[in-house]
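Student: Attaching a predicted model along with its sequence, questions to come.
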Amino acid sequence: MIDFSDFRTKRIPLSHGAGHIPVLGFGTLIPDAAATISGTRDALEAGFRHFDCAERYRNEREVGEALQAGLAAGGIAREEMFVTTKLWNTNHRPERVKPAFEASLDRLGLNYLDLYLIHTPFAFQPGDEQDPRDQNGKVITTAA
């Protein structure tokens, strides 16, 4: 039988032997900025150490503010956290990946990420508009 009481602290070793990933993560798709900060802060205080973020959620700055507050308060080291964020569809082109990655790091206020994923496996038209649409209102997809 599985003991669910320790899911917030249970970790699985990564296959390459360097580090562990918490089995339970806190998703940060929270539309309100104040709720993002308080929810992320509360999750840290409750023992969550894996935070699932995304450029798409448009709240990396708020998540980062809460994470930085947790780090500054002491008792939690950056190495104890596992932070994931995701590359959005408008940034799949090779020349856009590094700037998008660095922008996420900056918004989160971190020096490194533990995991960087492609949000979805299809690309949108490159640009600053997260959902570029044609004259008929359809999202413009493109080959990366």
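Tutor: Alright, I've got the coordinates.
Student: So which residues of this structure form helices?
Tutor: 33-46, 60-72, 94-108 (DSSP state H).
Student: Burial-wise, tell me which of those helices comes out on top.
Tutor: Burial of the helices of the chain is given as mean neighbour count (mean count of other Cβ atoms under 10 Å); helix 60-72 ranks first at a mean of 19. All C-beta atoms are positioned from the backbone trio N, CA, C, and that covers glycine.
Student: contacting residues around the lowest-mean-pLDDT helix or strand in the chain?
Tutor: When each helix and strand of the chain is scored by mean pLDDT, DSSP states H and E, strand 11-13 comes last, with a mean of 84. Strand 11-13 is touched from outside by Gly19, His20, Ile21, Pro22, Val23, with contacts defined as Cβ atoms under 8 Å, 6 or more residues apart in numbering.
Student: Make JSON lines out of those residues and add neighbour count.
Tutor: Putting those into JSON lines (neighbours: other Cβ atoms under 10 Å) gives the following:
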{"residue": "Gly19", "neighbour count": "11"}
{"residue": "His20", "neighbour count": "13"}
{"residue": "Ile21", "neighbour count": "15"}
{"residue": "Pro22", "neighbour count": "21"}
{"residue": "Val23", "neighbour count": "13"}
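Student: These in strands, which ones?
Tutor: His20, Ile21, Pro22 (DSSP state E).
Student: helices or strands up against the longest strand along the chain?
Tutor: The residue-count maximum for a strand in the chain (DSSP E) belongs to strand 82-87. Packing partners of strand 82-87 (3 or more Cβ pairs under 8 Å, 6 or more residues apart in numbering; DSSP states H and E): strand 20-22, strand 50-52, helix 94-108, strand 115-118.
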